[in-house]
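J.: test case, fold it:
(one chain, ligands or ions: 1)
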Amino acid sequence: MNAGILGLGRYVPDRILTNYDLEKMVDTSDEWIRTRTGIQERRIAGDDIETSDMAAEAAKEALEQSKLTAEDIDLLLVATVTPDYGFPSVACLVQEKIGAVNASAMDLSAACAGFMYGMVTAKQFIETGTYKNVLVIGAEKLSKITDWKDRNTAVLFGDGAGAAVIGPVSDNKGILSFELGSDGSGAKHLYQGEKYIYMNGREVFKFAVRRMGESSLSVIEKAGLTKEDVDYLVPHQANIRIMEASRQRLDLPEEKMAKTIEKYGNTSSSTIPIALYEAVQEEKVKDNDVVVLVGFGGGLTWGAVALRLGQ
Ligand code: UT7
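T.: Sure, this is the predicted structure:
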C-alpha cells in the first residue's frame, strides 16, 4: 500500500506587509530584500488569528478536496515552531476546531523541515496499515517571534498554513521515496532565544544549498528515477538564491520550480504545502507528475520526498 496526497488546502492572512512598509520599520530597502531574498511582500496575521486558526482553515480545505470528513482522520499532525501555547498542542486545538473526533493528535517540531517530517510520519502509519487517513499541517505565526527591530530577520518571515490529507493510493503513486536528516551541532545557527528568532544567515545559507541539493538527488535515486524524470520541484521558500541553486542541481528550467516566496516570504513549515497547493491550483502540475519536495530548517533539520501525484 502506498501513501499519497488526497487533498490540499492553504490559508494565508489578508494583511500584506510590503518591503516598502519594512523600509519604514528597519534600516533596509526594497532593493536589498528583493535581490538578496526574492521576497516582495509577506502576510501577517492579526491579533485575533492564532496558529491553530490558520491550521484549521487550511485543514478544512484539504478535507474538502479529499472528499473526506473530519471524522475520517485517524491521525492529525501539526508541524509548527509557533504553537498557540506550550501545551496543549496545536494539533489538539485543530482537532476541536474541525471536529476530527476520531483522530490522535500531536505536534511535530522540525522547524522549516517540519512538513517533510510530517509527511514521512504519515507514510509510515498508512503503509503499515495502522491508520488510513492522516492530516498533516504546517502552520506558523512567525510574526509573533520576529524581532521587528532586527533587519537580519524581520524582512524574511511571514504567517500562513498549508495542509494535506495523506491516505492510501494505488501502486506507484504517492510518496515514492524520502530522506530525513538532522544535525544538532548546527542548533546554534538558527533558534528561538528568549523571545525572538536568532539566525546566522550565512551559515544557514551554506547548509541549505548543500542539503537541498543532496537530498533532492538522493530521493530521486532512491525512487529509481533520474533527474530527467522530475517534472516539478517544490523547495522550501526561504531565499530565492537557495531555491535557484537546488533547481540548477536538478537541471530543471525556471518554470518547473514552485515560487511563492515573493508573495509570502518564509512561512517555515507551511511554505512547501502552500507552494504545492498553488502549483496544483494553477495547473503547473497534474496527475502522474513526479514532484520533489525539499526543505531545511532550524535544528538543523532537512527532508525531501519524491512524489508521484494522483491517486
Ligand atoms: O527557513 C530557514 C531560515 N533561514 C534561511 O534560509 C536563511 C539563509 N540565509 C539567507 O537567506 C541570507 O544569508 C540572508 C538573506 C539572511 C542574508 O543575505 P546575505 O547575502 O547572506 O547577506 P549578509 O548576511 O552577508 O549581509 C550582507 C550585508 C551586510 O552588510 P555589510 O556587513 O556587508 O556592510 C548586512 O549588514 O547586508 C546587510 N544586511 C542588510 N541590509 C539591508 C543584512 N540584512 C539587511 C537588510 N537590509 N534587511
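J.: can you pull out the strands in the stretch 1-150 of the chain?
T.: 2-11, 16-18, 41-43, 75-79, 104-108, 134-141 (DSSP state E, counting those that start in this stretch).
J.: what residue spans form the domains of this protein?
T.: When the chain is parsed with automatic domain parsing, its domains come out as 2-168, 174-308.
J.: quick check: mean pLDDT across the first one?
T.: Spelled out, it's domain 2-168. Average pLDDT, domain 2-168: 98.
J.: ok, back up a step: mind putting the strands of the stretch 1-150 of the chain into a markdown table with distance to M54?
T.: In short, each C-beta sits where N, CA and C put it, glycine included. Listed next are these as a markdown table, based on distance: least, C-beta to C-beta, whole Å:
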| stretch | distance to M54 |
| --- | --- |
| strand 2-11 | 5 |
| strand 16-18 | 15 |
| strand 41-43 | 10 |
| strand 75-79 | 11 |
| strand 104-108 | 14 |
| strand 134-141 | 5 |
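J.: for L309, find the nearest of these.
T.: Nearest to L309, of all the strands of the stretch 1-150 of the chain, is strand 2-11, at 7.1 Å by C-beta to C-beta.
J.: the closest one to strand 134-141, inter-axis angle?
T.: For strand 2-11 against strand 134-141, the angle between stretch directions is 30 degrees (axes from the mean of the first three to the mean of the last three C-alpha atoms, to 10 degrees).
J.: how about strand 2-11 as CSV, C-alpha atoms only?
T.: Taking C-alpha atoms only, strand 2-11 is exported to CSV below (Å, rounded to 0.1, in the frame of the first residue of the first chain):
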residue,chain,number,x,y,z
ASN,A,2,1.3,3.4,-0.9
ALA,A,3,0.6,6.7,0.8
GLY,A,4,-0.2,9.8,-1.2
ILE,A,5,-1.9,13.1,-1.2
LEU,A,6,-5.7,13.0,-1.3
GLY,A,7,-6.3,16.7,-0.9
LEU,A,8,-4.5,20.0,-0.2
GLY,A,9,-5.5,23.3,1.5
ARG,A,10,-4.0,26.5,2.5
TYR,A,11,-4.7,29.7,4.4
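J.: next up, the contacts around P273.
T.: By C-beta atoms under 8 Å, 6 or more residues apart in numbering, the contact list for P273 reads L8, R10, A58, F115, V136, I137, G138, G162, A163, A164.
J.: ok so, going back, distance to the ligand added to the domains of the chain, as JSON lines?
T.: Listed next are those as JSON lines, based on distance: least, C-beta to the nearest ligand atom, whole Å:
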{"stretch": "domain 2-168", "distance to the ligand": "3"}
{"stretch": "domain 174-308", "distance to the ligand": "3"}
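J.: how many other residues sit next to the nearest residue to Q95 once chain neighbours are set aside?
T.: Closest residue to Q95 apart from its sequence neighbours, by C-beta to C-beta, 6 or more residues apart in numbering: A105 at 4.6 Å. A105 is flanked by 20 other residues according to other C-beta atoms under 10 Å.
J.: tell me the bridge partners for A105.
T.: Listed beta-bridge partners, A105: L76 (assigned using DSSP bridges).
J.: residues near the residue nearest to A62 when sequence neighbours are not counted, how many?
T.: Nearest residue to A62 in three dimensions, chain neighbours excluded: G9, at 3.5 Å (C-beta to C-beta, 6+ apart). Residue crowding around G9 was assessed by other C-beta under 10 Å; the count is 26.
J.: check contacts around the residue nearest to Q95.
T.: Counting by C-beta under 8 Å, 6+ apart, A105 has contacts L75, L76, L77, V78, S89, A91, C92, V94, Q95.
J.: didn't the fifth one look like it was pressed against D107?
T.: Think S89. Yes: under the criterion of C-beta atoms under 8 Å, S89 makes contact with D107 at 4.1 Å.
J.: okay, the two: which has more neighbours?
T.: D107 (24 against 21).
J.: how near is the more buried one to I126?
T.: As judged by C-beta to C-beta, to the nearest Å, D107 and I126 stand 19 Å apart.
J.: need the winner for burial among the strands of the stretch 1-150 of the chain.
T.: Among the strands of the stretch 1-150 of the chain, the stretch with the highest mean neighbour count (mean count of other C-beta atoms under 10 Å) is strand 134-141, at a mean of 33.
J.: return the distance of it from the chain's centre.
T.: Its chain's C-alpha centre and that of strand 134-141 lie 8 Å apart, by C-alpha atoms, centre = their mean, to the nearest Å.
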